[in-house]
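Colleague: build me a structure from this.
(one chain, ligands or ions: 1)
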Amino acid sequence: MDAPANDVWVFVEQRGGRPHAVSFELLSKGRKLAEQLGGTLKAVLLGHGVREAARELFRFGAREVLLVDHAALADYRTMPYARIVGELVGARQPRIVLFGATVVGRDLAPRVASQTRSGLTADCTDLQIGDVSYLRKEYKNLLLQIRPALGGNIIATIITPDVPVQMATVREGVMEASAAEGAVEGRVVELPYVAAPADELVQVVERHQEESPSNLKHAPIVVAGGYGMGTRENFGLLHKLAELLGGDVAATRAAVDAGFATSDRQVGQTGLTVRPKLYIACGISGAIQHRAGMEKSGRIVAINTDPAAPIFDICHHAIVGDVATVIHTFIEAYRERLR
Ligand SMILES: Cc1cc2nc3c(=O)[nH]c(=O)nc-3n(C[C@H](O)[C@H](O)[C@H](O)COP(=O)(O)OP(=O)(O)OC[C@H]3O[C@@H](n4cnc5c(N)ncnc54)[C@H](O)[C@@H]3O)c2cc1C
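Modeller: Next comes the predicted model:
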């Protein structure tokens, strides 16, 4: 086996030939990691009729796209995808491989990691390159895999020093997607699909697709409510405000547990990660598990009766007061403006 290259790979998840948003976020982060390592950023794309999508990846800094295009790969299926990605990683030994922490990424990454005996950390919230001294050994340029641990009470930095390939899954919305500066010259390396008997063990018989009722992940303005909203009726005020502002409504886990909102609106460590331009936190204490899902928002406004609430440590605009009163005032003021 060759010595590992300093290459950073991103597994590009696609549906119907369109790359998932998280893949662009990972390419943007991967570009910086590759620069630090002096390696090359490469994308791994499997699918059918996805050659056009391959070109889009250059915009985010991929210098090479490893493409396997075949009808058998049109839909994600565990067996062929894990086998092919595992074989590629085993043969080419990149330094780092990144996957989205999506349903697909969470299925694929552990299989590839175990097949190739690589290190893997799930649900990272940050990735850095650093030198580490561990058990009297010095390691250069390790991937620091950073994520909340122990119920979110600490932020742990995890390393996998004794394996050549280090892998991580990262949730959607955690890294910022940014196109590379200037035109990136890239090349598509098309690899043949060689069938294996196990590939057809699972077949996709039918597909059903349902539109999500909320657009929370992509809303430019998020009005979020916590347990401090007090009642379901008060929580309803947030929907009115969000509608006026052209935003969407999110909730803390305590608000979901209290029945104020459904669990698909939960933001935080065990919910969604959002990065809107404006996040209005209403009756939210600011627990670390909630902050993990929203603290990278462009602007944070917090409303809380307790001046010592931790949410005030991370907000840009603090309003100390009763949330129902403040929201009523907001709604009246916006209605007045819109008249
Ligand atoms: C493993 C694990 C994972 C978790 N994952 C998540 C997660 O994904 N997302 C999440 O949100 N939480 C999560 N939690 C829970 C988290 O620890 C907190 O319990 C939760 O975020 C608290 O929600 P809250 O701020 O709505 O409620 P509280 O902490 O009860 O805060 C309510 C706030 O409202 C204020 N308030 C009360 N009345 C008013 C009023 N009239 N006007 C204005 N302010 C008022 C209070 O001063 C207080 O600050 C997780 C916990 C664990 C252990």
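Colleague: how long is stretch 48-62 end to end?
Modeller: Stretch 48-62 has an end-to-end distance of 20 Å (C-alpha to C-alpha, to the nearest Å).
Colleague: swap in stretch 90-102?
Modeller: With C-alpha to C-alpha as the measure, the first residue of stretch 90-102 is 23 Å from its last.
Colleague: tell me the average confidence for it?
Modeller: The average pLDDT for stretch 90-102 rounds to 97.
Colleague: show me how far it is from its chain's centre.
Modeller: When distances are taken as C-alpha atoms, centre = their mean, to the nearest Å, stretch 90-102 is centred 16 Å away from the chain's centroid.
Colleague: tell me the buried residues in that stretch?
Modeller: Across stretch 90-102, burial judged by 16 or more other C-beta atoms under 10 Å covers 92, 93, 94, 95, 96, 97, 98, 99, 100, 101, 102. For glycine as for every other residue, the C-beta is placed from the backbone atoms N, C-alpha and C.
Colleague: next one: stretch 53-63
Modeller: When neighbours are counted by 16+ other C-beta under 10 Å, the buried residues of stretch 53-63 are found to be 53, 54, 56, 57, 58, 60, 61, 62, 63.
Colleague: also stretch 7-24?
Modeller: For stretch 7-24, burial by neighbour count (16+ other C-beta under 10 Å) applies to 7-14, 19-24.
Colleague: could you confirm whether stretch 298-316 reaches the ligand?
Modeller: Yes. For stretch 298-316, a contact with the ligand is found by C-beta under 6 Å from any ligand atom, at 303, 304, 305, 306, 309.
Colleague: return the list of strands paired to the strand ranked longest in the chain, each annotated with direction.
Modeller: Of all the segments of type strand in the chain, defined by DSSP state E, the longest one is strand 137-149. The strands that strand 137-149 pairs with in its sheet are strand 126-134 (antiparallel), strand 154-158 (antiparallel) (by DSSP bridges).
Colleague: can you mark which positions in that strand are buried?
Modeller: Taking 16+ other C-beta under 10 Å as the neighbour-count basis, strand 137-149 is seen to contain the buried residues 141, 142, 143, 144, 145, 146, 147, 148.
Colleague: out of the residues you listed, which comes closest to the ligand?
Modeller: Of all the buried residues of strand 137-149, the one sitting nearest the ligand is residue 148; the distance, using C-beta to the nearest ligand atom, is 8.2 Å.
Colleague: let me see the confidence value for residue 17.
Modeller: What the model reports as pLDDT for residue 17 is 90.
Colleague: same check, this time on residue 4
Modeller: Listed pLDDT for residue 4 reads 56.
Colleague: can you check residue 202 too?
Modeller: pLDDT, the model's per-residue confidence, is 93 for residue 202.
Colleague: so it is in contact with residue 79, correct?
Modeller: Yes. Judged on C-beta atoms under 8 Å, residue 202 makes contact with residue 79 at a distance of 6.4 Å.
Colleague: if we can go back for a sec, just the ones of the buried residues of stretch 90-102 in helices?
Modeller: When helices are assigned by DSSP state H, the members of the buried residues of stretch 90-102 inside them are residue 92.
Colleague: of the buried residues of stretch 90-102, which pair is most distant in space?
Modeller: Taking C-beta to C-beta as the measure, the buried residues of stretch 90-102 reach their widest spread between 93 and 102, a distance of 25.0 Å.
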